[in-house]
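Colleague: predicted model follows, preceded by the sequence.
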Amino acid sequence: MVSIDKSKERSLRKTAHHLEPVVWIGKNGISENVIKEIIQALEQHELIKIKMLATEKKNQNRDIETICRMTNSILINSIGNILIIYKENNQ
């Protein structure tokens, strides 16, 4: 798993504070199309907010891990049903 240093993580968290969610995950959960949408958003923005339908905490943690693994991104922060992920764009 890719990691970043704490100062960069703090900076990204601060930057993401004012962002609006660009992907919403509803009752159908994490589908192939949702993953494609997240990957596309990461390619455009590097840092994105995702809003998930409220689920049990253990399921939410599993879903967050799945999203990060399938998109090769880093979890920056998770508060309630909002998560912030980052993937550096190498272009």
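Modeller: Okay, I see it.
Colleague: low pLDDT regions in the chain?
Modeller: Within the chain, the stretches with pLDDT under 70 are 1-2, 91.
Colleague: tell me where it has strands.
Modeller: 23-25, 47-52, 74-79, 82-86 (DSSP state E).
Colleague: export these to TSV and tack on mean neighbour count and distance to residue 9?
Modeller: Where you see a C-beta, it was placed from the backbone N, CA and C, and this is true even at glycine. Below are those laid out as TSV (neighbours: other CB atoms under 10 Å; distance: least, CB to CB, whole Å):
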stretch	mean neighbour count	distance to residue 9
strand 23-25	17	21
strand 47-52	21	11
strand 74-79	15	6
strand 82-86	22	8
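Colleague: export the ones you listed to TSV and append columns for distance to residue 10.
Modeller: Formatted as TSV, the strands of the chain follow (distance: least, CB to CB, whole Å):
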stretch	distance to residue 10
strand 23-25	23
strand 47-52	13
strand 74-79	9
strand 82-86	12
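Colleague: please name the bridge partners of the residue nearest to the spatial centre of the chain.
Modeller: For the chain, the residue nearest the mean C-alpha position is residue 85 (3.2 Å; CA atoms, centre = their mean). Beta bridges link residue 85 to residue 48, residue 75 when assigned by DSSP bridges.
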